[in-house]
Each structure stands twice: as C-alpha cells, then as structure tokens.
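my questions are about this predicted structure, shown below with the sequence.
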Amino acid sequence: MILSYHPCYEADTNMLCAGREPDQKDLSAIRCAAAVILPQGCRKALYLMARHNCAHVFPDYDARFTYPGKTGQAKLFQALNVPHPHTWVFNDTRHFQRDNEAVFAAGFPLVLKLDWGGEGDTVFLVRSKADLEQALSRTAAYEQSGQQGFVIQTFVRGSDRTLRVAVIGNTYVAYWRIQDNPLIFGTSLAKGAHIDPESDPTLRRKALVLVGDICQQARINLAGFDFIYDGSGPMKSDPRPLFLEINYFFGRTGLGGSHRFYGMLQAEIDSWLFGLGLAITRPSQETPAGEMP
C-alpha cells in the first residue's frame, strides 16, 4: 500500500495532515504502508513519524530537519565542504555582540540573513556600520517574538544575477534570476527579477555538477538551490558557483508554472516507486483534484 499525504499526488490511500499534528491514526497508516509520500511543507513531526516507521519516504528531508533554516544550511555547507560565501553563524544578537571581531575585520559590504523567511524579505545588504546596526535592531525585535538566529556573509559581486537549480527527484532544472533595477538588492521574482533559462550554459553546468554532488551526499531529492558566481580576482575569467541557500519550498514560475511542476513531481515519484518495485494504478493520468495554483 502506498500512502500519500500530498494533496496533488493520488496513491492507494490518501490522507491530509495540514494544520494539525500527526496522531495514532496516522501512525497506524504509516506502519502499514510500503512507501509514504509527503507534501513539501510537511511538519517535522509528520516527517519523523514517517521516517521512523516506514522504509521508504519521499521526499528525503533528513538534511532539512537536521540542518534547519539558513543557520543550519551554513553548517551543512561547511560540513560538506562545498563552495559558499564566507559565513558567520549567530544564535542571536547577544551572540553577535560577544563575538563580532571577524565580521568587522572582513569589512563592508556584507549580507545579513535571518534564519527564516522567503523571497528575500529577511535578507539585508549591509553597506556600513550604520546599516548593520539597523539590521541588528530589526533582528533583536524579531527575537522578542521567539524567532532567533541569523548569518552574516561576505558580499559577492554579481548579486544582480543568481542561478536557481530546482531538484525534483532525478530531474534538475537550472535558470537564472536577474535583477535589472540597480536600486534593488535581491533577485527574487517578488522583487521584480526576471527569469532567463538559456544564458551561460557552461556556468549552469558547473552548478548542476555541484548540486548532483550535494544531493548524493545529503540525499536531497526535492529542493531549490540558489547560487551566485564569484567573478572577482583570479576567478574573473572563470567564475565559480557558490552555494547561497537551499529552499525546500520553492516557486514554480521558472519551471513553467504549477501545472508543469506537479506533472514533473508525479512522474518523479512514480519513477521512484517503480525503482522500489512498487507501482500505483490510476484510472487516468489527469492532474489529481485539489491541485494548488
């Protein structure tokens, strides 16, 4: 029996766990399942229940929950020794006040990223000590609500263009996100960036190789990886890709929209199950009811 918690993937048994913690009914169903399919936004409790009680779970979110948030990702990049901007990890603003010598020694500009958030809303370009103090003030305000942790990174020239590599099972899709407005920092589509899936295929291939390596080591099979290219100094003629972050719940515009994304996702889950010697018989191949826009 294949059990699906994903509202857009139809399996032998279909359940939802949105807005609640998993219970005994979920545990019983998971223990009876040969494989469990989870949604991208599943909670840690559901993932761990599935992981500990079923041999086959998609997606593999061990890295997501072992190295949570941007602080966790920085530690993962360090543990796997993959190229990324020089990064300092801080538990909170008090931690920064106690141990900030290396940050100031690096000089400005810098980039401060809060541990949470998407679309670049919690990422700040820090050009001066005054900018840093302002960003830290906002960080301290968030800490009052219980949200803690941030990273500070060295600024990499070329921040107006980043590469997204979306990983869906064994399918990898790479495209650029380009910010044309020089007054805006960040390349999220929400900030006006546009998508370019064709430029610089050699640079895209470099990132694809790195993504393949990290996915093999960390067993990541559903995520969006963001890269920036360091073209400074001796690397100017042959820039190297640097990992920026991992997005386990990522946008679909660059993939051709939600309909195409769900088609790829279903095909990759089907392929994953087939490789396990499992299969699902469906009355049709139409997109399941309940597809999110």
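Perfect, thanks for sending it. Numbers count the residues shown, from 1 in each chain.

tell me the pLDDT of P288.
In the predicted model, P288 carries a pLDDT score of 46.

quick one: contacts for the closest residue to M15 other than its chain neighbours?
Counting by Cβ to Cβ, 6 or more residues apart in numbering, the nearest residue to M15 once its immediate chain neighbours are dropped is Y5, at 5.7 Å. The C-beta positions use only the backbone N, C-alpha and C, and glycine is treated the same way. With contacts taken as Cβ atoms under 8 Å, 6 or more residues apart in numbering, Y5 has the following neighbours: N14, M15, L16, C17, V36, I37, L38, P39, C42, L46.

among those residues, which ones are buried?
Buried residues within the contacts of Y5, defined by neighbour count using 16 or more other Cβ atoms under 10 Å: N14, C17, V36, I37, L38, P39, C42, L46.

is T187 in a helix, a strand, or coil?
Put simply, T187 is coil when judged by DSSP: H, G, I helix; E, B strand; the rest coil.

per-residue pLDDT, it?
pLDDT, T187: 93.

centre-most residue in this protein?
Against the mean C-alpha coordinate of the chain, by Cα atoms, centre = their mean, the closest residue is N247 at 1.3 Å.

identify the residue spatially nearest to that one, adjacent ones excluded.
Beyond its immediate neighbours in the sequence, the residue positioned closest to N247 (Cβ to Cβ, 6+ apart) is G224, lying 4.1 Å away.

which elements pack onto the strand or helix carrying that neighbour?
Here G224, judged by DSSP states H and E, is contained in strand 222-230. Contact analysis of strand 222-230 by 3 or more Cβ pairs under 8 Å, 6 or more residues apart in numbering; DSSP states H and E lists strand 161-168, helix 201-218, strand 240-247 as its packing neighbours.

same thing but at 10 Å, please
helix 62-66, strand 161-168, strand 171-178, helix 201-218, strand 240-247, helix 258-275 (3 or more Cβ pairs under 10 Å, 6 or more residues apart in numbering; DSSP states H and E).

can you list the weak-confidence ranges in this structure?
Using pLDDT under 70 as the threshold, the predicted model of the chain has low-confidence ranges 119-120, 232-237, 281-293.

name every strand pairing with the helix or strand encompassing V36 and say which way it goes.
Element membership for V36 (DSSP H and E) is strand 35-37. When pairs are called by DSSP bridges, strand 35-37 turns out to pair with strand 2-4 (parallel), strand 57-58 (parallel).

mind checking these for the one nearest to T171?
Evaluated with Cβ to Cβ, the strands paired with strand 35-37 place strand 57-58 nearest to T171, the distance being 13.4 Å.

list the contacts for R31?
Contact criterion Cβ atoms under 10 Å, 6 or more residues apart in numbering gives L3, M49, A50, H52, N53, C54 as the residues in contact with R31.

Y9 and M15 touch, don't they?
No. Counting by Cβ atoms under 10 Å, no contact exists between Y9 and M15, whose distance comes to 11.7 Å.

on that earlier part again, ok, the residue nearest to N247 touching F243?
No. If you go by Cβ under 10 Å, G224 and F243 don't touch, sitting 11.9 Å apart.

who has more neighbours, the two?
The residue with more neighbours, out of G224 and F243, is F243; 24 against 20, by other Cβ atoms under 10 Å.

list the contacts of that one.
If a contact means Cβ under 10 Å, 6+ apart, then F243 has 73-74, 76-77, 80, 82-85, 87, 165, 207, 210-211, 214, 225-228 as its contacts.

for it, which non-adjacent residue is spatially closest?
Taking Cβ to Cβ, 6+ apart, and ignoring the residues beside it in sequence, F243 has H84 as its nearest neighbour in space, at 4.3 Å.

so what does that neighbour have for phi and psi?
phi -160, psi 160 (degrees, to the nearest 10).

which residues does it contact?
Under the criterion of Cβ under 10 Å, 6+ apart, the contact list for H84 reads 73-74, 76-78, 153-154, 156, 227-228, 241-245.

now the residues you listed: which count as buried?
Here, 16+ other Cβ under 10 Å leaves 73-74, 76-77, 153-154, 156, 227-228, 241-245 buried among the contacts of H84.

can you redo those residues as TSV with distance to F108?
Written out in TSV, the entries for the buried ones among the contacts of H84 read as follows (distance: Cβ to Cβ, whole Å):
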residue	distance to F108
Q73	23
A74	20
L76	27
F77	23
Q153	12
T154	10
V156	13
F227	23
I228	18
P241	24
L242	19
F243	22
L244	19
E245	21
